[in-house]
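**Q** predicted coordinates and the sequence they were generated for:
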Amino acid sequence: MCFLVLCSAINVWAGSREQAWRLHNRIAGVPPSPQVLGMMETYINAGNAEAAASIAMDNPEFYGTTLKNWVKAWTNADESPRVPFNDYVATVLGLVRDNVPFNQVLSADLLYIVSPNSGSTIAPYTVDSNDHYAEAESNNVNLKEFLLQRSQTAMNGIADTAGVNTTRAAGLSFYSAGTNRRVTRFTFMNYLCKDFEALHDINLSDYHVRRDVDRAPGGDSRTFRNMCVGCHSGQDALGGAFAYFDFVDGKLEHTPGQVAEKINANVLFSEGWVQSNDAWTNLWKDGQNSSLGWRGLQQGNGARSLGAMLTRSRAFSECMSQKVFKLVCLKDPMSDQEKSLVMSLANDFETTGNYSMRRLIAKTSVQCMGE
């Protein structure tokens, strides 16, 4: 579509030098040096604004401020950026920096730590503490320079690693209480831009709804059929992926073959679903929620296979495009033109771009660099 080739013509009312300055400020959060500004201006004058955006992404503040604060809000139930730097955030930053296809964010056996050669004395990485990351942040370690890629399996001993969903920070926020439904919900919110209310479908079978859901809340079974089942049918059918996980003694614990005790606790309806393994199935693939564009296998076992399924969906690509648009354009896409742009960017993200988050950010940022 035409939106992706407008770089040299967009916002013609702003001069190329002003465009370069705004582009750098949007991406890195700080003004460019005169030398960098000149390089970016040259690229914009040559009709290659994306190259100018890539220069801005080379600034350490792109990782240490813009991306870090953006991703922090994904790591906690309050959706707040006012939390310490952590392994979840570090892993997303590393994936972006190293241009790892971002559709691996929920399935890769990768974890990023901070190099001991960063020039600052920081605590070593451990599975039961965030000191390593918190001290790196307090010492203003250059995250672009000193993040190291490691095998998550080797670092934390979890066999069913699922990208950011099996980091310690995810464990603390999403597995530490309740029955692990929170991790499923926030995965949908963060990576498909859908909360469960938006997926509410009372036409699905209640076969997978667990025993801790009352079938007659307030003494009225109609409440369950007309309200509760709308979310729980699909949510609980997917939630089995996390049945072997719990957050215990400050660390995420994985017990293959053993369902965490809390998963089947609090029995309110004895004939409800009992989770006996880590199998999951996507009931939302049919009906109204087929619009999310599901692809590939829609059932499996474990957190990694679920994460891979979710990031194959069209909803994932559109969600990432929407979130990046808001990050660099400082607004939600509201007009028809902006919404069409987001759809076109999503197309490029999952095809030509091979799920490159760097490319998506560059392509998006040049569309609003003069605003």
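**A** The structure has been received and is ready for your questions.

**Q** is it true that His24 touches Gly38?
**A** No. Checked against Cβ atoms under 8 Å, the pair His24 and Gly38 is beyond contact range at 11.5 Å. (Each C-beta comes from the backbone N, C-alpha and C, glycine too.)

**Q** which one of these two is surrounded by more residues?
**A** Set His24 next to Gly38 and count neighbours by other Cβ atoms under 10 Å: His24 wins out with 27 against 13.

**Q** regarding that one, what is its secondary structure?
**A** At His24, secondary structure determined by DSSP: H, G, I helix; E, B strand; the rest coil is helix.

**Q** what residues are up against it?
**A** Residues in contact with His24 (Cβ atoms under 8 Å, 6 or more residues apart in numbering) are 30-32, 36-37, 40, 55-56, 59.

**Q** again with Val114
**A** By Cβ under 8 Å, 6+ apart, the contact set of Val114 is 90, 122, 125, 132-133, 136, 141, 143, 146-148.

**Q** buried subset of those residues as a PyMOL selection?
**A** Only the buried entries of the contacts of Val114 go into this PyMOL selection, using 16 or more other Cβ atoms under 10 Å:
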select buried, resi 90+122+125+132+133+136+141+143+146+147
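
**Q** ok, so of the contacts of Val114, who is nearest Ile158?
**A** The closest of the contacts of Val114 to Ile158 turns out to be Tyr125 (Cβ to Cβ; 14.2 Å).

**Q** still on that earlier bit, and which of the contacts of His24 is nearest to Trp284?
**A** For these, the minimum distance to Trp284 (Cβ to Cβ) is 38.4 Å, reached by Ala56.

**Q** next, count neighbours for the closest one.
**A** 27.

**Q** so for it, what's the pLDDT?
**A** The model reports Ala56 with a pLDDT of 98.

**Q** just to check, it is in contact with Ile27?
**A** Yes. Using Cβ under 8 Å, Ala56 is in contact with Ile27, at 4.0 Å.

**Q** show me the helices in the stretch 201-350 of the chain, by range?
**A** With DSSP state H, counting those that start in this stretch, the ranges of helices along the stretch 201-350 of the chain come out as 221-223, 229-239, 302-311, 314-329, 336-350.

**Q** show me where pLDDT drops low in the stretch 151-300 of the chain?
**A** Low-confidence segments of the stretch 151-300 of the chain (pLDDT under 70): none present.

**Q** can you give me the end-to-end span of stretch 239-249?
**A** 23 Å (Cα to Cα, to the nearest Å).

**Q** list the buried residues in that stretch.
**A** Buried residues in stretch 239-249, counted by 16+ other Cβ under 10 Å: 239-247.

**Q** tell me which two of these sit farthest apart.
**A** Maximum pairwise distance in the buried residues of stretch 239-249, criterion Cβ to Cβ, is 17.7 Å, between Gly240 and Phe247.

**Q** what's the most buried one of the helices of the stretch 201-350 of the chain?
**A** Burial of the helices of the stretch 201-350 of the chain is given as mean neighbour count (mean count of other Cβ atoms under 10 Å); helix 302-311 ranks first at a mean of 24.

**Q** now the residue lying farthest from the centre of the chain: how far from Gln258?
**A** Within the chain, the residue lying farthest from the chain centre (Cα atoms, centre = their mean) is Gly219, at 39.1 Å. The gap separating Gly219 from Gln258 is 36 Å, by Cβ to Cβ, to the nearest Å.

**Q** one more: Lys331?
**A** Distance, Lys331 to Gln258, by Cβ to Cβ: 47 Å.

**Q** same thing with Ala136?
**A** Taking Cβ to Cβ as the measure, Ala136 falls 34 Å from Gln258.

**Q** same thing with Tyr112?
**A** Separation of Tyr112 from Gln258 (Cβ to Cβ): 29 Å.

**Q** so for these two, which sits in the more crowded spot?
**A** Neighbour count, other Cβ under 10 Å: between Tyr112 and Gln258, Tyr112 has more, with 25 against 12.

**Q** what's the closest non-adjacent residue to the more buried one?
**A** Closest residue to Tyr112 apart from its sequence neighbours, by Cβ to Cβ, 6 or more residues apart in numbering: Gly94 at 3.5 Å.

**Q** OK, contacts around the closest residue to Glu253 other than its chain neighbours?
**A** Of all residues not flanking Glu253 in the chain, Asp246 sits nearest, at 5.0 Å (Cβ to Cβ, 6+ apart). Taking Cβ under 8 Å, 6+ apart as the criterion, Asp246 is in contact with 175, 180, 252-253, 255, 260-262.

**Q** repeat that for Phe62.
**A** Residues near Phe62 by Cβ under 8 Å, 6+ apart: 27-29, 56, 144.

**Q** could you redo the last one with a cut-off of 10 Å?
**A** Applying Cβ atoms under 10 Å, 6 or more residues apart in numbering, we find Phe62 in contact with 24, 27-30, 56, 68, 93, 96-97, 143-144, 358, 361.

**Q** before we move on, back to that, just the element for the residue nearest to Tyr112, please.
**A** helix 87-97 (DSSP states H and E).

**Q** quickly run through the sheet partners of the next helix or strand after that helix, with directions.
**A** Where DSSP H and E defines the elements, the next helix or strand beyond helix 87-97 is strand 111-114. Using DSSP bridges, strand 111-114 pairs in its sheet with strand 147-150 (antiparallel).
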